[in-house]
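J.: turn this into a model:
(2 chains)
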Amino acid sequence: NAGVTQTPKFQVLKTGQSMTLQCAQDMNHEYMSWYRQDPGMGLRLIHYSVGAGITDQGEVPNGYNVSRSTTEDFPLRLLSAAPSQTSVYFCASSSVLYGYTFGSGTRLTVV
Amino acid sequence: GESVGLHLPTLSVQEGDNSIINCAYSNSASDYFIWYKQESGKGPQFIIDIRSNMDKRQGQRVTVLLNKTVKHLSLQIAATQPGDSAVYFCAENMRGGSQGNLIFGKGTKLSVKP
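T.: Below is the predicted model of the structure:
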């Protein structure tokens, strides 16, 4: 099925651990982005990429790294997890014709 | 369960009634607006969009109205059904939707009573 695939769906980390949230799309979209969603709030942009090899920071980039080595993949790395990073993370891809498509999310808990 | 609905404005309607969800956007330079529906445990799902050169756009059972003078956006859902129960977000974008970043509102929780 075409779309945006995020893995894992759930993750529990200890403070200080690192991990990578995976995001893959098979629609050949150039633009990909990562958002976090906290209770009672809308989605906030963490990082985005306008194409392979190009990334930039969004509204809340601290504590996260990204890379874009291929058009299909846009992983999000937590360098040293903190309880403040407990959130639901969404990856999205977009194109001129088809707008934004979101993945189903990764629920991360940092204890 | 999904916690995205905590502390959100809530609209409660009777099944079959029309629903109106409002949104104030922040940037007068935004030229593309989208309404998303988010059900518990799922990612945002596209409902309808509108560009700044329009003030109204209709879809199936949904209508979006744009008032650029007061930076206000609304989503009207006709004959609301239990399956419409979800959190609804408006989002704005300054590059026509093709690239650039979506800025999301905080959302409104729609609850449909059977």
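J.: show me the strands in the chain, by range?
T.: By default, I'm working from chain A. For chain A, applying DSSP state E gives strands covering A:4-7, A:10-13, A:19-25, A:31-37, A:43-51, A:54-57, A:64-66, A:76-78, A:87-95, A:99-102, A:106-110.
J.: meant chain B actually
T.: B:10-14, B:19-24, B:32-38, B:45-51, B:56-58, B:62-67, B:72-77, B:86-93, B:103-104, B:108-113.
J.: and B:H72, how far from chain A?
T.: B:H72 sits 17 Å away from chain A, going by C-beta to the nearest C-beta, to the nearest Å. Just so you know, the C-beta spots here come from the backbone N, C-alpha and C atoms, and that holds for glycine as well.
J.: low-confidence regions, the chain specifically.
T.: No chain in the question, so chain A it is. A:1-2, A:96-98 (pLDDT under 70).
J.: chain B was what I was after
T.: For chain B (pLDDT under 70), the answer is B:1-7, B:95-100.
J.: run the last query once more with 80
T.: B:1-8, B:94-101 (pLDDT under 80).
J.: distance check, the residue positioned nearest the centre of chain A against B:Y25.
T.: In chain A, the residue lying closest to the centroid (C-alpha atoms, centre = their mean) is A:W34, at 3.3 Å. A:W34 sits 22 Å away from B:Y25, going by C-beta to C-beta, to the nearest Å.
J.: quick one on the thing from earlier: show me what contacts the residue nearest to the centre of chain A?
T.: Contacts for A:W34 (C-beta atoms under 8 Å, 6 or more residues apart in numbering or on different chains) come out as A:21, A:23, A:45-48, A:58, A:64, A:66, A:74, A:76, A:89-92.
J.: just put the strands of chain B in a markdown table and tack on mean neighbour count and distance to A:H29.
T.: Listed next are those as a markdown table, based on neighbours: other C-beta atoms under 10 Å in any protein chain shown; distance: least, C-beta to C-beta, whole Å:
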| stretch | mean neighbour count | distance to A:H29 |
| --- | --- | --- |
| strand B:10-14 | 13 | 33 |
| strand B:19-24 | 17 | 26 |
| strand B:32-38 | 23 | 16 |
| strand B:45-51 | 16 | 14 |
| strand B:56-58 | 13 | 23 |
| strand B:62-67 | 17 | 24 |
| strand B:72-77 | 19 | 25 |
| strand B:86-93 | 24 | 15 |
| strand B:103-104 | 20 | 19 |
| strand B:108-113 | 18 | 28 |
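J.: now the ones you listed in JSON lines, with distance to A:G99?
T.: As requested, the strands of chain B are arranged in JSON lines below (distance: least, C-beta to C-beta, whole Å):
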{"stretch": "strand B:10-14", "distance to A:G99": "25"}
{"stretch": "strand B:19-24", "distance to A:G99": "18"}
{"stretch": "strand B:32-38", "distance to A:G99": "7"}
{"stretch": "strand B:45-51", "distance to A:G99": "6"}
{"stretch": "strand B:56-58", "distance to A:G99": "14"}
{"stretch": "strand B:62-67", "distance to A:G99": "14"}
{"stretch": "strand B:72-77", "distance to A:G99": "16"}
{"stretch": "strand B:86-93", "distance to A:G99": "10"}
{"stretch": "strand B:103-104", "distance to A:G99": "14"}
{"stretch": "strand B:108-113", "distance to A:G99": "21"}
